[in-house]
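**Student:** Okay, here's the prediction I keep looking at, along with the sequence it came from:
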Amino acid sequence: MKSLRIICAFLLLIAVFCSCSLDSKYSSEFFAMDTVMSVTACGKQSETAVNAIADEINRLDRLFSVQNKNSEIFRLNSEKQLNPSDETLELITRSIEISSMTDGAFDITTEPLSRIWGFYSGLENRVPSEKEIKAVLPSVGAEHIKIDGSTVSLDKSTSLDLGAIAKGYSSGRAAKILEENGISSALISLGGNVRAVGTKPDGSPWSVAVTDPDNSSEQIGVLSVKDRAVVTSGGYQRYFETNGKRYHHIIDAETGCPAQSGLKSVTIVSQDDTLADALSTAIFVMGLQKAETLYNDNNDLFGAVLITDSNEIYITENLKDSFSSYHSYEVIKA
Ligand code: ADP
Ligand code: MG
């Protein structure tokens, strides 16, 4: 499963760094947050900045990881009450806001469900019984998280997993580090989370591929972007198969089962990395119709490329000028 994610992480990206003079370009690849990450930057301070980003992401991983016994999230999940760092508090608060923005489709309390489906390393993937799912569902939902000043408390059986938003937050932090180092041309790829910083060194926009969900070595189109996060969530990224049926890792908190909304891939484009990450997961759960409503209300905040189970492609109107594809597609108007 991990190897598939690694391949996907590489294939999502088409980066062309032709005109950056060799001495000012620096790239690094590292493994964090359970995925392969890479950063390539152009500019005098590129080496310093890229190394600082790797350190920063490892630091954030130690705060947000659901499995690292020393992380703040792990401690909160075991002790049910914690005064976390400002950053963890900020990300939990933001997650709750996005839960209400998406009518609960985005839900960081799905941890016990991910657990019974065996989606954590060290566990075995399995299809839980209906009884098991029913037993867990009452502790799922943002209403089971209380924030009082800087104290976060969880109801007795509630646990958090920031896996659908932590990489987005981290790529926002990475972009900030590049900016602080005066870098105006870089490409960050944290698994399926891409951040295009500025333009390519020649001043043209970055090209980010939208992967074909049925064949991750192919693409269904390309987005031309400057200063944007481009984040994809799909059922093809992490899954297991039993009796010919595929079960992926994005859970619908209403059913307790892998989401079946009729979408197989959701790519979000936004200036806000954290929002892009959370919305790619949320819209994957919500499906096409609810995505249209969300876009209508928030077309200044994000754009989307959606691929349905029957291979139709939809793009939001605000991406009309940045998306190119050999396939035909429908445009969702605001
Ligand atoms: P990935 O991190 O694999 O690129 P996502 O950003 O879509 O993909 O996040 C999926 C992860 O988020 C799951 O592995 C799980 O930890 C968690 N998760 C699963 N379902 C939900 C949900 N409905 N809302 C928020 N987080 C979820
Ligand atoms: Mg996500």
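**Tutor:** Thanks, I have it. Residues are numbered from 1 along each chain as shown. Ligands and ions are numbered 1, 2, ... in the order given.
**Student:** From now on I want contacts and neighbour counts done on CA atoms only, so please keep to that.
**Tutor:** Will do.
**Student:** what ranges do the helices span in the stretch 201-334 of the chain?
**Tutor:** Taking DSSP state H, counting those that start in this stretch, the helices of the stretch 201-334 of the chain run over residues 273-286, 288-298.
**Student:** quick one: pLDDT of the nearest residue to Leu187 once chain neighbours are set aside?
**Tutor:** Once flanking residues are discounted, Leu187 sits nearest to Ala196: 4.9 Å by Cα to Cα, 6 or more residues apart in numbering. pLDDT for Ala196: 98.
**Student:** Please name the bridge partners of Ala196.
**Tutor:** Leu187, Arg228 (DSSP bridges).
**Student:** Residue of the stretch 201-334 of the chain closest to ligand 2, please.
**Tutor:** Relative to ligand 2, the nearest point of the stretch 201-334 of the chain is Asp277 (3.8 Å; Cα to the ion).
**Student:** so that residue touches Leu162, yeah?
**Tutor:** No: using Cα atoms under 8 Å as the test, Asp277 is too far from Leu162 to be in contact (10.7 Å).
**Student:** Which of the two has more residues huddled nearby?
**Tutor:** Comparing Asp277 with Leu162 by other Cα atoms under 10 Å, the one with more neighbours is Asp277, at 30 against 21.
**Student:** how close does the more buried one get to Ala135?
**Tutor:** Applying Cα to Cα, to the nearest Å, the value for Asp277 to Ala135 is 29 Å.
**Student:** mean confidence for the longest helix along the chain?
**Tutor:** Secondary structure of the chain per DSSP state H: the longest helix is helix 46-64. Confidence for helix 46-64, expressed as mean pLDDT, is 97.
**Student:** could you say what helices and strands the longest strand along the chain packs with?
**Tutor:** The residue-count maximum for a strand in the chain (DSSP state E) belongs to strand 215-225. Contacts defined by 3 or more Cα pairs under 8 Å, 6 or more residues apart in numbering; DSSP states H and E place strand 215-225 against helix 2-11, strand 206-212, strand 323-324.
**Student:** what angle separates that strand from strand 206-212?
**Tutor:** 150 degrees (axes from the mean of the first three to the mean of the last three Cα atoms, to 10 degrees).
**Student:** Can you give the strand pairings for strand 215-225, parallel or anti for each?
**Tutor:** Partners of strand 215-225 in its sheet, by DSSP bridges: strand 206-212 (antiparallel), strand 323-324 (antiparallel).
**Student:** Make a markdown table from the ones you listed and add distance to Gly244 and mean neighbour count to it.
**Tutor:** A markdown table is the format used below for these (distance: least, Cα to Cα, whole Å; neighbours: other Cα atoms under 10 Å):
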| stretch | distance to Gly244 | mean neighbour count |
| --- | --- | --- |
| strand 206-212 | 21 | 23 |
| strand 323-324 | 34 | 18 |
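**Student:** Let me have those strands in CSV, extended by mean pLDDT and distance to Ala166.
**Tutor:** Below are these laid out as CSV (pLDDT from 0 to 100; distance: least, Cα to Cα, whole Å):
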stretch, mean pLDDT, distance to Ala166
strand 206-212, 97, 21
strand 323-324, 98, 26
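**Student:** For Gln219, find the nearest of those.
**Tutor:** strand 206-212 (4.2 Å; Cα to Cα).
**Student:** Leu82 reaches Phe74, doesn't it?
**Tutor:** No: using Cα under 8 Å, Leu82 is not in contact with Phe74, being 10.4 Å away.
**Student:** Okay, Gly192 and Ser129: tell me how far apart.
**Tutor:** In terms of Cα to Cα, Gly192 sits 31 Å off from Ser129.
**Student:** When those two are compared, which one has more neighbours?
**Tutor:** Gly192 (28 against 11).
**Student:** Do I have it right that that one meets Ser233?
**Tutor:** Yes: if you go by Cα under 8 Å, Gly192 and Ser233 touch, sitting 7.3 Å apart.
**Student:** what does the chain have sitting close to ligand 2?
**Tutor:** Neighbours of ligand 2 within the chain, by Cα under 5 Å from the ion: Ala164, Asp277, Ala278, Thr281.
**Student:** burial of Ala142, as a residue count?
**Tutor:** Neighbours around Ala142, by other Cα under 10 Å: 22.
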